[in-house]
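Visitor: Next comes the sequence, and after it the predicted model I'd like to discuss.
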Amino acid sequence: MTTPLLEELAPAGPRRPRPIARRSAALGLLALAVFALVGPLVLADPAAQDLGRYLESPSLAEPLGRDDYGRSVLARLAHATRLSLVLAALCVATALVLGTAAGIASAWLGGWVDAALRAVSEAFVAIPALLVVLLVSALASGGSLWALYLGLALAQWVEYFRVVRARASLVLGSPAVEAAGLLRLGPVHIIRQHLWPDLRPLLTTLASLGMVTSILAMSTLGFVKVGLQPPRAELGLMITDAFPFYDVAPWMVIAPIGVLFLLTVCFLGLRTSKDA
Amino acid sequence: MTETARSPHRTDHLLSVPKAIVRHGSHTLADVADLRIEPGRALTIVGESGSGKSVLAHALMGTLPTELTAEGSMSIGPTRFDLADRRGRRHLWGRELALLPQEPSLALDPTMRVRQQVAEGAYGWRPRDAAALRLADERLDHFGLANAGSAYPHTLSGGMAQRVAYAAATIGGASILIVDEPSKGLDANALELLARLLDDHLAQGGLLLMITHDLRLARRIGGTVMVMRAATVVESGPAEEVLTTPAHDYTRQLVAADPANWSFPWMRRATASASGAEPGVPALVSAHSIAKTYGDRTLFNDVDIEIRAGERWAITGPSGVGKTTLGNVLLRLTSADRGTVVHAPGTGDGRLQKLYQDPGLSFPRRVSLQRALRDVMRRYEVPEARVHALLAKVGLSPSILQRRPTEVSGGELQRIAIVRAMLPRPALLFADEATSRLDLASQQATMDILMSELDEIGCALLMVTHDRAMASAVADRQLSLEVQP
């Protein structure tokens, strides 16, 4: 224990991250979420074609114009954003629960459990994340949502596992946990008062990064046409589909890119910096 | 060309501080006038933690945190420096003015080998400078650390880390040395080695300002002593005078806080139960011919010990000898390589407790003390009133429990740890250097609280300490560990 020079002064509380940045990130994310959840309910059918309104320019009624099949770009964008957010949240939740449980089990039990889990995790680390998703997609029928979900979750749990295992072994080896053991307080106390408060800030940071990774991975796969298949509205697919018309209808490309950019910035801005 | 070892400049310069004030906002942390340090005669500032000693040292050095403001001036010989100007003294660092920081093992860079680290302070150092490295080797050799050059700091004992930090601080040949709490966590041997280094520095005409709460070290170094309390100097004069016949009440309290001068109702005179096990009292913990080895180092071999209800044991010995490990083996927190440790039936249910050297690490870090204690209270069905009564006994208000462990001082936290350890009504308490990081006054107060509690519930004590004076003041049985060949 060091004796800080300022021991007798008011101890510095957790350092607040720039509140304006965080608040605007949260607001931006809320706006995107409302767009994604309410949009599909009130906007037109994203699959309704109207070839007569081929590549229509943006107007008041149709703020983002229409695409090469005459479908409403705004409606497609709302569906694509909902798909990205929901699927990413599912992947992150699955990876987080799986990785955290495995990490705590590994740090707590040690021995062969630890060795086995570590071996599995290292096998996953050795393969690039996108390749894992591709492998799972290849095994399932093309363009299935389930394959994408499973692939992304499998590619991500390792990160949670490694971070949680490293942190949990530190916490479990600390005198505080030894003291709790001498007081016979049991595993529930150790998880609730020792592990969880210590892991929570790490996990929120990882989860917000994980949302970004999942959303970008999904659109990357869509962009190279191995993820979800048309006519489903997906951000990456929308970008590739719109490329040939960039000269005449640039808004079609810019709209999904803008949504991806905003999602990324907002999730990154949401991270707390008090987990030091 | 080679740079020869620069011995401290033989200056006839005085360091004098007509006035120095350090503030944090409107709160004054140190307010000192007419401070003079002469070559060859140490100036020691003693006082409890929070009295402003360290802040003053950093103000003179020019290394105060930016939240603090300094006022006043300091002169080294004919040159005058403004204390408010942090940058003005930077060119003196290492050459003229050096600081040996608190907790040297934390001040050293854990990722760098000792030799390179010491060499960095040499005059005219460049990366991979052969002359500086040679000089570093020379200095390390001089301090009896010839083999430590290629080691990383975490492999060093506290005393060795202290001497490495000393070599790094003084390699630039500074004549003015400021030493901040050098005795923290050091055993008597390491402290004596350090005291000799400081003697050498003084004998070569160096200037020394020492900040400490260890009166034995202050006596050993001699020179002038200043006693600080609540930001001001309450008494100053020659060491032998101030520390033997103190004039001020506060200094008297400080001198009385030395374990050798303790006198409390719970103290048993060693005559009471000096030898032989009392028959009829069952052993709580009995260990037979236990041994423990780490790597190729044998910590202890064939140790037999039986701790009976109500006994007070002390394990003493130099640091790094395996005292804490022995205690942990007795509590079965660590397993022995050989031998058996038997706990009496009925000690299983939380009736063996431990106090840690660093109480901050023994509480969950990120939750309030209230939450941490709530589970203990529920587990042992302790009514809240008893916790409050215990807190009142140790001189704390229940509102302190709203805070997190990082927001409470070390002395207060150790008292809360005592309260926590008392809740299961333990039969044996293992105190692992529980007060070694506290200043003398808090050490005395904490031990008094602890022993009164133990006395009241008839709990046995197993104490690990490097302080023999304290061991003989508190314990009635001692086990002394020596370094194994």
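Guide: That came in fine, so what should we check first?
Visitor: how close does the residue of the stretch 251-400 of chain B at minimum distance from chain A get to B:A372?
Guide: Residue nearest to chain A within the stretch 251-400 of chain B: B:R366 (3.8 Å; C-beta to the nearest C-beta). To be clear about C-beta, it is placed using only N, CA and C from the backbone, and glycine gets the same treatment. In this view, B:R366 and B:A372 are 10 Å apart by C-beta to C-beta, to the nearest Å.
Visitor: Looking at those two now, which is surrounded by more residues?
Guide: B:A372 (25 against 20; other C-beta atoms under 10 Å in any protein chain shown).
Visitor: So the more buried one sits against A:Q193, correct?
Guide: Yes: using C-beta atoms under 8 Å, B:A372 is in contact with A:Q193, at 5.9 Å.
Visitor: Overlap of the contact sets of those two?
Guide: By the contact definition C-beta atoms under 8 Å, 6 or more residues apart in numbering or on different chains, B:A372 and A:Q193 are jointly contacted by B:P364.
Visitor: Would you mind listing the buried residues in the helix or strand of chain B with the lowest mean pLDDT?
Guide: For chain B, counting by mean pLDDT, DSSP states H and E, helix B:104-107 ranks last in confidence among helices and strands (a mean of 79). For helix B:104-107, the neighbour count (16 or more other C-beta atoms under 10 Å in any protein chain shown) marks B:104-105, B:107 as buried.
Visitor: any chance of the residues you listed in CSV, plus distance to B:I290?
Guide: Listed next are the buried residues of helix B:104-107 as CSV, based on distance: C-beta to C-beta, whole Å:
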residue, distance to B:I290
B:P104, 33
B:S105, 29
B:A107, 36
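Visitor: mind giving me the domain ranges of chain B?
Guide: For chain B, the domain assignment from automatic domain parsing gives the residue ranges B:15-256, B:283-480.
Visitor: Name the nearest residue to B:R404, ignoring sequence neighbours.
Guide: Closest residue to B:R404 apart from its sequence neighbours, by C-beta to C-beta, 6 or more residues apart in numbering or on different chains: B:S368 at 5.7 Å.
Visitor: Wait, the one you found touches B:T406, no?
Guide: No: judged on C-beta under 8 Å, B:S368 makes no contact with B:T406 at a distance of 10.9 Å.
Visitor: Mind checking which of these two has more residues around it?
Guide: A direct count of neighbours by other C-beta under 10 Å for B:S368 and B:T406 places B:S368 higher, at 17 against 12.
Visitor: so how far is B:L361 from A:L170?
Guide: From A:L170 across to B:L361, the span is 11 Å (C-beta to C-beta).
Visitor: Tell me which of those two has more neighbours.
Guide: Taking other C-beta under 10 Å, A:L170 and B:L361 do not tie; B:L361 has more neighbours (16 against 12).
Visitor: where does that one fall, helix, sheet strand or coil?
Guide: On the three-state scheme (DSSP: H, G, I helix; E, B strand; the rest coil), B:L361 is labelled helix.
Visitor: isn't it right up against A:G173?
Guide: No: with contact defined as C-beta under 8 Å, B:L361 does not reach A:G173; the gap is 10.7 Å.
Visitor: B:G237 sits in which helix or strand?
Guide: Assigning secondary structure by DSSP states H and E places B:G237 in strand B:232-238.
Visitor: How far does that strand sit from its chain's centre?
Guide: Relative to its parent chain, strand B:232-238 has a centroid offset of 23 Å by C-alpha atoms, centre = their mean, to the nearest Å.
Visitor: what about the helix or strand following it, distance to the chain center?
Guide: For strand B:232-238, the following helix or strand on the C-terminal side (DSSP H and E) is helix B:239-244. Here helix B:239-244 shows a centroid-to-chain-centroid distance of 22 Å under the convention C-alpha atoms, centre = their mean.
Visitor: what about the residue in the stretch 101-250 of chain B positioned nearest to chain A, neighbour count?
Guide: Residue nearest to chain A within the stretch 101-250 of chain B: B:E103 (5.3 Å; C-beta to the nearest C-beta). By other C-beta under 10 Å, 19 other residues sit near B:E103.
Visitor: My read is that it contacts B:S183, right?
Guide: No: B:E103 is beyond contact range of B:S183, at 11.5 Å (criterion: C-beta under 8 Å).
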